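Novice: pasted the sequence and its predicted model underneath.
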2 protein chains.
Amino acid sequence: MRTVGLWATALPILVAAALTLLAATPEADTPSYTASADLVRPDNYREWIYLSSGMDMSYSPLAMGHHMFTNVFVPQAAYREFLKSGRWPDRTMFVVEERMASSKGSINKVGQFQTDLMGIGVEVKDEKRFSERWAYFNFDEGTKSASTNPKSACWQCHEDHAAVEHSFVQFYPTLKPVAQKFGTYKDR
Amino acid sequence: MRTVGLWATALPILVAAALTLLAATPEADTPSYTASADLVRPDNYREWIYLSSGMDMSYSPLAMGHHMFTNVFVPQAAYREFLKSGRWPDRTMFVVEERMASSKGSINKVGQFQTDLMGIGVEVKDEKRFSERWAYFNFDEGTKSASTNPKSACWQCHEDHAAVEHSFVQFYPTLKPVAQKFGTYKDR
């Protein structure tokens, strides 16, 4: 009876803990598709793990007409798996967020800070769904779902130039040594 | 007996869930001090919530001799409290991470990406410990603990110019509308 009493006390606490834990592992961190096979926009990416930012980065020599930041995020579970293996688990999503840059504002005198959202790009590894394993999507603010970009738009460049699988780990300073340790890093 | 049997099955699962949950709420997300009252460096800040980045930002008109990114992070629990109230809970820590910028590397042609860590600054709200409520610390790579910066170095500027309490929410685009909604935003 004493043991049962202890369980009776502990059980509601443990159930609550388990439910909280389940809630902390949201479905939104893996890709979700509409009936017409479009990717649903991941809305909680700002609560994922931050990988790095670039400013005005371009792989062609033509610069843009305005300043822009790009911030890259990946879900916690995928990040933790990468730390253990140097590889991305199936159904990993990456978000690259584009934000306008501003120089004059408040007390800032020099350099640039981030302001309005311009859009997001999403890279998805989904080996069962995509014959090329990786697919790419773009969302403007307000877009709720998007179809896959043509292969020539993003896929080919990631295939040819990304350091780890299709991810540009050469530009993510905390992940580069991890991939190098596990031998998954290609010098590109 | 049948109920006890169910509990016997469920208990180990629930205990495991509870332990995982506890592990996911690390002490490292609140300030910790040495015996000599120095702040212990928060080592897991890259797994906190990312607020924003700047590039070459300066509050004086003199630019630096090199390019530098600054990335700002805050613990999950403090972030969630801010979303609910527009205020920072006591014992919130902020980390601003300084990273070198590079333009030429891999396939990049234009703009800047982040490379080596230069150091971190930590801002702490700890109302019981600091008579001025907020305190500021700097860590080089390898520094394990640090004493408080003089008040003139950071505290006064945050006191005079930060938009929400001592935090520069004017430069964190996702938090600015939250603070404005709760009426905690000062136009500065």
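Specialist: Yep, it's here.
Novice: the helix or strand hosting A:Lys84 - contacts with which helices or strands?
Specialist: Here A:Lys84 is covered by helix A:76-85, with elements defined by DSSP states H and E. Applying 3 or more Cβ pairs under 8 Å, 6 or more residues apart in numbering or on different chains; DSSP states H and E, we find helix A:76-85 packed against helix A:176-182. (Each C-beta comes from the backbone N, C-alpha and C, glycine too.)
Novice: how near is the residue nearest to A:Ser145 when sequence neighbours are not counted to A:Thr92?
Specialist: Using Cβ to Cβ, 6 or more residues apart in numbering or on different chains and skipping residues adjacent in sequence, the residue nearest A:Ser145 is A:Asp38, 3.9 Å away. Distance of A:Asp38 to A:Thr92, computed by Cβ to Cβ, to the nearest Å: 19 Å.
Novice: list the contacts of the nearest residue to A:Cys154 once chain neighbours are set aside.
Specialist: Excluding its sequence neighbours, the residue lying closest to A:Cys154 (Cβ to Cβ, 6+ apart) is A:Tyr136, at 3.8 Å. Counting by Cβ atoms under 8 Å, 6 or more residues apart in numbering or on different chains, A:Tyr136 makes contact with A:Gly121, A:Val122, A:Glu123, A:Val124, A:Thr148, A:Asn149, A:Ala153, A:Cys154, A:Trp155, A:His158.
Novice: any idea how far A:Tyr136 is from chain B?
Specialist: Separation of A:Tyr136 from chain B (Cβ to the nearest Cβ, to the nearest Å): 17 Å.
Novice: what's near enough to touch the residue nearest to A:Phe168 when sequence neighbours are not counted?
Specialist: Spatially, and ignoring its direct neighbours in sequence, A:Phe168 is nearest to A:Ala162 (5.2 Å; Cβ to Cβ, 6+ apart). By Cβ under 8 Å, 6+ apart, A:Ala162 lies in contact with A:Phe168, A:Val169, A:Gln170, A:Lys186, A:Arg188.
Novice: leaving out sequence neighbours, find the closest residue to the third one.
Specialist: Spelled out, it's A:Gln170. Counting by Cβ to Cβ, 6+ apart, the residue nearest A:Gln170 is A:Ala163, at 4.2 Å.
Novice: quick check: phi and psi at the one you found.
Specialist: phi -80, psi -30 (degrees, to the nearest 10).
Novice: coming back round to it: run the chain-centre distance for the helix holding A:Lys84.
Specialist: 12 Å (Cα atoms, centre = their mean, to the nearest Å).
Novice: report the buried residues of it.
Specialist: A:Gln76, A:Ala77, A:Ala78, A:Tyr79, A:Glu81, A:Phe82 (16 or more other Cβ atoms under 10 Å in any protein chain shown).
Novice: kindly report the same for stretch A:108-121.
Specialist: A:Asn108, A:Val110, A:Gly111, A:Gln112, A:Phe113, A:Gln114, A:Thr115, A:Ile120, A:Gly121.
Novice: repeat that for stretch A:132-151.
Specialist: A:Arg133, A:Trp134, A:Ala135, A:Tyr136, A:Phe137, A:Asn138, A:Phe139, A:Ala146, A:Thr148, A:Asn149.
Novice: before we move on, back to that, skip ahead from the helix holding A:Lys84 and say which helix or strand is next.
Specialist: Next along the chain after helix A:76-85, taking DSSP H and E as the criterion, comes strand A:93-102.
Novice: pairing partners for that following strand, with directions?
Specialist: strand A:68-74 (antiparallel), strand A:110-125 (antiparallel) (DSSP bridges).
Novice: got CSV for these, with mean pLDDT too?
Specialist: Output for the strands paired with strand A:93-102, formatted as CSV (pLDDT from 0 to 100):
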stretch, mean pLDDT
strand A:68-74, 97
strand A:110-125, 95
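Novice: list phi and psi for the residue nearest to A:Phe168.
Specialist: Torsion angles, degrees, to the nearest 10, at A:Ala162: phi -70, psi 140.
Novice: now tell me which helix or strand of chain A has the poorest mean pLDDT.
Specialist: Least confident helix or strand, chain A: helix A:2-23 with a mean of 60, by mean pLDDT, DSSP states H and E.
Novice: having no further points to raise, I will conclude here.
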